[in-house]
Every structure is written in structure tokens, then in C-alpha cells.
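J.: sequence and predicted structure, then a few things I'm wondering about:
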Amino acid sequence: MPSNKRPRTLAEAYQAAYRLLAIQARTQSGLREALLRRGYSPEHVAEVIAEMVRLGYVDDVAAASRWAEHAAGQRRYGVRGIAARLTGRGIDPLLAAEAAQEAYEAEGADEYRVACDLASARISPGELSDDELRERALRRVARFLERRGFRSDTISRVVRDLTH
């Protein structure tokens with residue numbers, strides 16, 4: 001909350017939005033939260049956000065695509081994992097899922113191959129040669145891939161292929 005108790009004006013809300021957007025790109029929800037935290041009224045915030053969207057300064061679709069493409073290019077997450085990261089950044093869940101899938105396809109990434117590469121980097125040949133170590137390592141790798149947002153059928157296939 002602002003330290004002074006006078007009402008904040010619409011013009012001040014616009015100035016704050018411009019300053020925030022100059023520092024970093026934000027989603028509608030991110031900008032909304034930042035302005036509300038600074039004490040601007042919900043009515044002023046809604047008006048400012050509508051204008052920022054109209055001007056193209058805030059574009060959730062473009063942000064989702066850009067962030068999803070970057071994440072898919074890193075090849076460290078499954079489609080669901082990328083979507084979850086986007087949702088965490090304030091992107092609508094449906095838009096996040098679409099952007100993640102499109103980014104994976106645009107990258108030409110195969111979720112199974114990405115999961116295999118990640119799994120093989122996290123398991124040593126010695127762990128696969130011992131029955132007790134293998135079971136523990138495969139459970140560890142499966143949990144890791146699950147946290148990274150890979151589908152359960154992909155994880156099952158990777159684990160099965162590691163044992164052969």
C-alpha cells in the first residue's frame with residue numbers, strides 16, 4: 001500500500017504501468033497484480049490494462065508463444081511442463097497449453113526423445129547393472145520426468161527402454 005493516503009489518479013496508474021512495462025514485459029495478470037499492489041483502484045487498473053492491450057504493449061498470446069518457444073528450444077521440459085511454467089507466469093491455462101504444444105511442434109521436438117536424453121543424463125551405467133540400484137534410479141528418473149511435465153505414457157516408455 002502507498003504510504004500517503006490520498007487516492008491515486010488514473011494518470012498515475014498509467015505512468016506506473018509504463019514504468020513497469022519498460023522494465024520487463026508482463027502479462028495482463030502480472031500487470032494487474034503489480035498495479036493493485038501499488039494501491040491503484042481496480043477500476044483504474046482495468047482501464048489501464050485495456051489500453052495497454054489495445055496499444056499492443058501487453059500481449060498474452062505473443063508472450064506465451066515467445067516463452068514457450070524458448071522453453072521448447074531448451075529441451076528440458078515436456079509439453080505439460082512448459083504449459084505449467086506459462087500458467088505460473090500468468091498465462092491463461094488453455095492458452096498456455098496451446099502455446100506449449102505449438103512450440104514443441106515448431107521446434108520439431110519429440111517429447112519421447114527429449115525425455116530419453118534427460119533420463120540418460122541422470123542415470124549412470126553402473127546404476128543399470130545392479131538390480132537394487134536400477135529400481136531406485138528408475139523411480140528417481142520417473143519422478144524427475146514427471147516434475148518436468150512429461151506425459152505418463154512417455155515416462156513409462158523411457159523407463160522401459162532404459163531397462164533393455
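T.: Alright, I've got the coordinates. Here the structure is a predicted model, which is why all the values come from computation and not from measurement. Residues are numbered from 1 along each chain as shown.
J.: and residue 76, what helix or strand is that in?
T.: For residue 76, there is no host helix or strand (DSSP states H and E).
J.: return the distance of the residue nearest the centre of the chain relative to residue 74.
T.: The C-alpha lying nearest the average C-alpha coordinate of the chain belongs to residue 85 (Cα atoms, centre = their mean; 2.0 Å). According to Cβ to Cβ, to the nearest Å, residue 85 stands 11 Å off from residue 74. Any C-beta I mention is one placed from the backbone N, CA and C, and that applies to glycine too.
J.: same check, this time on residue 148
T.: In this view, residue 148 and residue 74 are 11 Å apart by Cβ to Cβ.
J.: which of the two has more residues huddled nearby?
T.: Set residue 148 next to residue 74 and count neighbours by other Cβ atoms under 10 Å: residue 148 wins out with 18 against 12.
J.: got a pLDDT number for that one?
T.: Here, the pLDDT recorded for residue 148 equals 96.
J.: and for residue 57?
T.: For residue 57, the model assigns a pLDDT of 95.
J.: count of residues packed around it?
T.: Using other Cβ under 10 Å, residue 57 has 16 other residues around it.
J.: what does residue 147 give?
T.: So residue 147, with other Cβ under 10 Å, has 12 neighbours.
J.: for the residue nearest to the centre of the chain, give me the backbone phi and psi.
T.: As for residue 85, its main-chain torsions (degrees, to the nearest 10) stand at phi -70, psi -40.
J.: residues in contact with the nearest residue to it once chain neighbours are set aside?
T.: Of all residues not flanking residue 85 in the chain, residue 71 sits nearest, at 6.2 Å (Cβ to Cβ, 6 or more residues apart in numbering). The contact partners of residue 71, by Cβ atoms under 8 Å, 6 or more residues apart in numbering, come to 77, 81-82, 85, 100, 103.
J.: residue 71 and residue 15, how far apart?
T.: Computed as Cβ to Cβ, the residue 71 to residue 15 distance reads 33 Å.
J.: residue 47 now?
T.: Residue 47 is 14 Å from residue 15, where distance means Cβ to Cβ.
J.: more crowded one of these two?
T.: Ranked by neighbour count (other Cβ under 10 Å), residue 47 and residue 15 place residue 47 first, with 15 against 12.
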